[in-house]
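Asker: Sharing a sequence plus its predicted fold:
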2 protein chains.
Amino acid sequence: MKKRILGQEKSQLVADWHALERVFIRPENEATRVTLVKYMEQILFGLHEFLNKNVGITEEISLKELAKHFTDTRIGKDPEKKLKDVITDIIKEIAPHAVNVASPYFVGHMTSAIPFFMVHLKTIVSALNQNVVKLETSKVVSVIEKQVIAKIHRLIYNMGEEFYQAHVQNTTTSLGCFTEGGTAANLTALWVARNAAFPPKQGFRGIEAEGIAQAFKAYDVDRAVVLVSIRAHYSLKKSGGILGIGNQNVIAVDVDERNKINIDLLRQEIDRIETSGRTRIIAIVGIAGSTETGSVDPLEEISAICRKKKIHFHVDAAWGGPTLMSEKYKHLLKGIELADSVTIDGHKQFYMPMSCGMLYFQDPSIMDLMAYHASYIIRPGSVDLGIKTFSGSREANSLILDSALKIMGTRGYALLIEHGIDVAAEFASEIEKRENFELVTRPELNILTYRVFPKSLKEAYEAGTDEIKKAVNERLNEINRIVQQAQRESGNSFVSRTAFKMKGFPEEQVVVLRSVIMNPMTTIAILKAILDEQEKIYLDWESGKLKNKGRFRIADEMEKKG
Amino acid sequence: MKKRILGQEKSQLVADWHALERVFIRPENEATRVTLVKYMEQILFGLHEFLNKNVGITEEISLKELAKHFTDTRIGKDPEKKLKDVITDIIKEIAPHAVNVASPYFVGHMTSAIPFFMVHLKTIVSALNQNVVKLETSKVVSVIEKQVIAKIHRLIYNMGEEFYQAHVQNTTTSLGCFTEGGTAANLTALWVARNAAFPPKQGFRGIEAEGIAQAFKAYDVDRAVVLVSIRAHYSLKKSGGILGIGNQNVIAVDVDERNKINIDLLRQEIDRIETSGRTRIIAIVGIAGSTETGSVDPLEEISAICRKKKIHFHVDAAWGGPTLMSEKYKHLLKGIELADSVTIDGHKQFYMPMSCGMLYFQDPSIMDLMAYHASYIIRPGSVDLGIKTFSGSREANSLILDSALKIMGTRGYALLIEHGIDVAAEFASEIEKRENFELVTRPELNILTYRVFPKSLKEAYEAGTDEIKKAVNERLNEINRIVQQAQRESGNSFVSRTAFKMKGFPEEQVVVLRSVIMNPMTTIAILKAILDEQEKIYLDWESGKLKNKGRFRIADEMEKKG
């Protein structure tokens, strides 16, 4: 592959002003145009066929083999290839070794098929190349962004027409912001919460200006903490590290048997913090769709605690937020409207292309706590959206969401959401029916975890001592690692794998298989086939048949330890 | 406009499973397909004609008028419009009110025309929808990303073949990362520098884990600072705020007459900090292409100071980095290879679509200081790129850069870079020739500032007292604000405006016009026409002709104060 990509034609290609102008403006000749038209037509009007034809779910070539082809670190002085050959290489050489996340058999991660029109919208956004940091490079697109932010804010908070008329195009207030993804959104939420917890006062210019050490002195504390559940996304811990409060001060509270934050333990933790003193709780985070189990924390109860204690209440609804569009299931997120801030990802259940996150605030003025200005743009009082975003220059993903909402309506999105939740419930029943499987976490939304648990081991487990139970669990961990890896490498389908502590195994990690059902083409029949394959892999392995299939080839590279 | 967008056809559209499947998979009917083909063909194969035909540079409709059309904050339950109508509306109703940043007359910001093939590449990336946070959702694309990171690293550091073979596909080291933009890259650089300044030691788990207050105790300091010049991008100050050191501790050192950090003042500042004690300097930032003036700091001298004092040396080359591809001008960035970290933006002089930033580190292990793991992805020892990035889920912009490098070669990029620098120099000469203008900052790269400075006022200024000089400057500020706004609103061309202190006016802001020459279609003839228009606007205003043109219509909305 390397040879083909690097060798041919190089000597013929010279970068000169004439060639450059052509490459800048339009295809250099008819042959290039024909090639580009062919692929663009396939991509834009036959997206899913294109992906199924050209892109593997996962495939056999090992990572080590693959990596060998990509070790040339020189940039050619003259062009290496013509445009049409570069595009052809992507389609013919690179795409087959990418991952067909759009396959209905790819049910392992929060990345899935997107509607074909999303690619059209991204193409338009990319062609317009607006920079939403400032009005001068985006104009109407900034205005549309403010409108779509108000639409999603209304979906969450439903504050009434008067409120929205006052704020939708208000240049001094802000209902939220777009970010690159959920990490930047969660970071921004905790950034604002941190600043709100240590505001300016006599002799202190505020934590944003003076920093954490001075803030602690001004408010006579030694520590600032954030409380989350052990199911929280790792971006929250990372945010604690970045924001300077220390990632160990993002304190993880244990969950109940439904994977929701244990409210009693949360209260105890708060008591402990208050008793020990000199610590400020800057935020408590409720999860609306945890990454690993899809579980939703008791948002109303957390809100009540936050209100009483005057603590910022953030909801990480990166995954679950769009559930609000389903009349059937929006009750699952009850209490989200009480949050001070809410993260929702566009590239998850709004089915937008990578990368789009969003953050919403109940208080339209709270983002003043992280406003920045510059002389050449984002001047005080201007409409420039860059004043109150983590990012500077930024593409106009808001235009994609705005268009998608018009094309789909809430009902269109609700169909997708409801399909995921309903099929996940069916899948859970199917798992429970099978004697060689165990349902580990029951789906509340459209995520569930389970594991291969051979019938034979179940009996040993039930009757066993703690010591035996532990040994069985270790054996199960091994089985499930093997099954997940072998299935991934066989290239037909993909479920992901994670590990967490669970009831009955408080001391050790339990390896589980994780399914995320968001592709509308994923049916229960497909999920049954995935279980069948897993069972077969296990049985083959148990009987020694899998031995020489080199099942750890990729795996060895992908992870040095389990 | 609003009526057209919201009214028509609504009642006919119903979201049902059948409609949804069609909208997910392919155009619902031939009429939709025909419309989409028409626009996609224009966008993909006639990008610049399309933009010139459909998109205004800036236009007359005031922001207030525009905003009135975008105050509907409800999301429809059923689809509001058919796909083809949504796309048509974007082209016909929205694009004309966006900004044609691709016009050769748009020379005001760092956003410009992009080669048409960039839109094709973005379309492919969006269709593949890979998520580079983890190998399981990106596979070969992660490997390509590592390779292209090594290519740019080599462009900066040129460490030799052995080094690159050791690291290009090494799963435990990292030469850099992609980010959403320059802000996230600068933040990540200072994040790593902060962590390197307060590493773990006996009794202290490191600043990332324990936070800033504990770090200060462990290292017996009261303050951490970053030193930059007054020309530094605002993202550095913002990073100080986010990282918890306090944005007032991002200390701005004055510049010399060429807008480069004044090394003597920098040394004095360091002495002052060291004398006062209990303060750690975590980084000094050199700028390679400042946002306002395009100036490059004396990187070698800063490096020497940093090496001696063991301080992290970061270079913000978000703008200027790609100058390294020009044999003719790469000497302007001499010393960049001595930096501990370097920011370069893809969406600036790599001519990629919004939004793409990058960060490079000399030390392939330093990013361990900000590594994060999660059980379901980015497990320790895995290839998952998300371990060492600010972001989580992230689109594969690396594939666009990799392809562009092959299509353009360094020589192709060099042509663009050299055109900008050469034309900027010509433009500067032209400004100096004109009696009603003053060149304020001479271009080193392709950015310059100037102002309308009528001949009559020049004489008054030269002969005047300090008081008169000040009065003249105030008058000039007014003139230049008016000229820039009126030109922007007339819709033919766009230069930006900023304000800074300059020699002779140490106490006050000097309003200047700012030109960024990066569009290969921008010629000196176009720039002369821009000057002609500015001169005419000034003369019309001076003679009272401009009075009733409502020149502050948009301006009033865009900025409450100057």
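Answerer: Ah, there it is.
Asker: mind listing the strands for the stretch 51-200 of chain A?
Answerer: Using DSSP state E, counting those that start in this stretch, the strands of the stretch 51-200 of chain A run over A:176-179.
Asker: Now do the closest residue in space to residue A:179 that isn't next to it in sequence against residue A:394, distance only.
Answerer: Sequence neighbours aside, residue A:357 is the residue nearest to residue A:179 in space, at 4.1 Å (criterion: C-beta to C-beta, 6 or more residues apart in numbering or on different chains). C-betas here are computed from N, CA, C, even on glycine. According to C-beta to C-beta, to the nearest Å, residue A:357 and residue A:394 sit 11 Å apart.
Asker: Residue A:344 too?
Answerer: 17 Å.
Asker: Of these two, which one has the most company?
Answerer: Between residue A:344 and residue A:394, counting by other C-beta atoms under 10 Å in any protein chain shown, residue A:344 is the more crowded of the two (30 against 27).
Asker: did I read that right, the more buried one in a strand?
Answerer: Yes: checked against DSSP: H, G, I helix; E, B strand; the rest coil, residue A:344 lies within a strand.
Asker: Please, which helix or strand holds the closest residue to chain B within the stretch 251-400 of chain A?
Answerer: The stretch 251-400 of chain A approaches chain B most closely through residue A:381 (3.1 Å), counting by C-beta to the nearest C-beta. Using DSSP states H and E, residue A:381 falls within no helix or strand.
Asker: when you scan stretch A:155-168, is anything in it near chain B?
Answerer: Yes: against chain B, stretch A:155-168 shows contacts by C-beta under 8 Å from any C-beta of the partner chain at A:155, A:161, A:164, A:165, A:168.
Asker: Please apply the same query to stretch A:288-307.
Answerer: Yes: against chain B, stretch A:288-307 shows contacts by C-beta under 8 Å from any C-beta at A:291, A:292.
Asker: Give me the mean pLDDT for that stretch.
Answerer: For stretch A:288-307, the mean pLDDT works out to 98.
Asker: if we can go back for a sec, ok, how many other residues are close to the residue of the stretch 251-400 of chain A closest to chain B?
Answerer: Residues within reach of residue A:381, counting by other C-beta under 10 Å, total 15.
Asker: Who's the closest spatial neighbour of residue A:296, skipping the chain neighbours?
Answerer: Excluding its sequence neighbours, the residue lying closest to residue A:296 (C-beta to C-beta, 6+ apart) is residue A:288, at 5.1 Å.
Asker: what's near enough to touch that neighbour?
Answerer: Going by C-beta atoms under 8 Å, 6 or more residues apart in numbering or on different chains, residue A:288 touches A:296-297, A:299, A:315-317, A:319-321, A:323, A:333, A:336, A:342.
Asker: cool, and residue A:50?
Answerer: A:42, A:43, B:127.
Asker: now the helices for the stretch 401-550 of chain A?
Answerer: Along the stretch 401-550 of chain A, counting by DSSP state H, counting those that start in this stretch, helices occupy A:455-463, A:466-490, A:524-542.
Asker: So which of those is nearest residue B:309?
Answerer: Smallest distance to residue B:309 across these (C-beta to C-beta): 48.8 Å, for helix A:466-490.
Asker: does any part of that closest one sit near chain B?
Answerer: Yes: with C-beta under 8 Å from any C-beta as the criterion, chain B is reached by helix A:466-490 at residue A:488.
Asker: and that helix, how far from the chain's centre?
Answerer: How far helix A:466-490 lies from its chain's middle: 27 Å, per C-alpha atoms, centre = their mean, to the nearest Å.
Asker: Show me what it is packed up against.
Answerer: Secondary-structure packing of helix A:466-490 (3 or more C-beta pairs under 8 Å, 6 or more residues apart in numbering or on different chains; DSSP states H and E): strand A:447-452, helix A:455-463, strand A:496-502, strand A:505-516, helix A:524-542, helix A:553-558.
Asker: how about those in TSV, adding distance to chain B and mean pLDDT?
Answerer: Converted to TSV, those look like this (distance: least, C-beta to the nearest C-beta, whole Å; pLDDT from 0 to 100):
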stretch	distance to chain B	mean pLDDT
strand A:447-452	10	98
helix A:455-463	23	90
strand A:496-502	4	89
strand A:505-516	6	86
helix A:524-542	15	96
helix A:553-558	5	35
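Asker: Quick one: closest of the ones you listed to residue B:101.
Answerer: strand A:505-516 (37.9 Å).
Asker: what angle separates that closest one from helix A:524-542?
Answerer: With axes from the mean of the first three to the mean of the last three C-alpha atoms, to 10 degrees as the basis, strand A:505-516 and helix A:524-542 are set at 130 degrees to each other.
Asker: how about strand A:505-516: buried residues?
Answerer: By neighbour count on 16 or more other C-beta atoms under 10 Å in any protein chain shown, the buried set for strand A:505-516 is A:509, A:510, A:511, A:512, A:513, A:514, A:515, A:516.
Asker: what do you get for stretch A:169-180?
Answerer: The neighbour-count check on stretch A:169-180 (16+ other C-beta under 10 Å) flags A:169, A:170, A:171, A:173, A:174, A:175, A:176, A:177, A:178, A:179, A:180 as buried.
Asker: out of these, who's nearest residue A:20?
Answerer: residue A:180 (30.9 Å).
Asker: Check what pLDDT that closest one gets.
Answerer: In this prediction, residue A:180 carries a pLDDT score of 94.
Asker: what does the one 4 residues further on give?
Answerer: As summarised for this prediction, residue A:184 has a pLDDT of 97.
Asker: what do you get for residue A:551?
Answerer: 37.
Asker: related to what we said a few turns ago, same list as before, the contacts of residue A:288 that is, but in JSON lines and with neighbour count and distance to residue B:214 included.
Answerer: Putting these into JSON lines (neighbours: other C-beta atoms under 10 Å in any protein chain shown; distance: C-beta to C-beta, whole Å) gives the following:
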{"residue": "A:296", "neighbour count": "26", "distance to residue B:214": "34"}
{"residue": "A:297", "neighbour count": "31", "distance to residue B:214": "29"}
{"residue": "A:299", "neighbour count": "24", "distance to residue B:214": "32"}
{"residue": "A:315", "neighbour count": "32", "distance to residue B:214": "29"}
{"residue": "A:316", "neighbour count": "30", "distance to residue B:214": "26"}
{"residue": "A:317", "neighbour count": "30", "distance to residue B:214": "32"}
{"residue": "A:319", "neighbour count": "27", "distance to residue B:214": "33"}
{"residue": "A:320", "neighbour count": "29", "distance to residue B:214": "35"}
{"residue": "A:321", "neighbour count": "27", "distance to residue B:214": "35"}
{"residue": "A:323", "neighbour count": "27", "distance to residue B:214": "39"}
{"residue": "A:333", "neighbour count": "24", "distance to residue B:214": "37"}
{"residue": "A:336", "neighbour count": "27", "distance to residue B:214": "34"}
{"residue": "A:342", "neighbour count": "31", "distance to residue B:214": "31"}
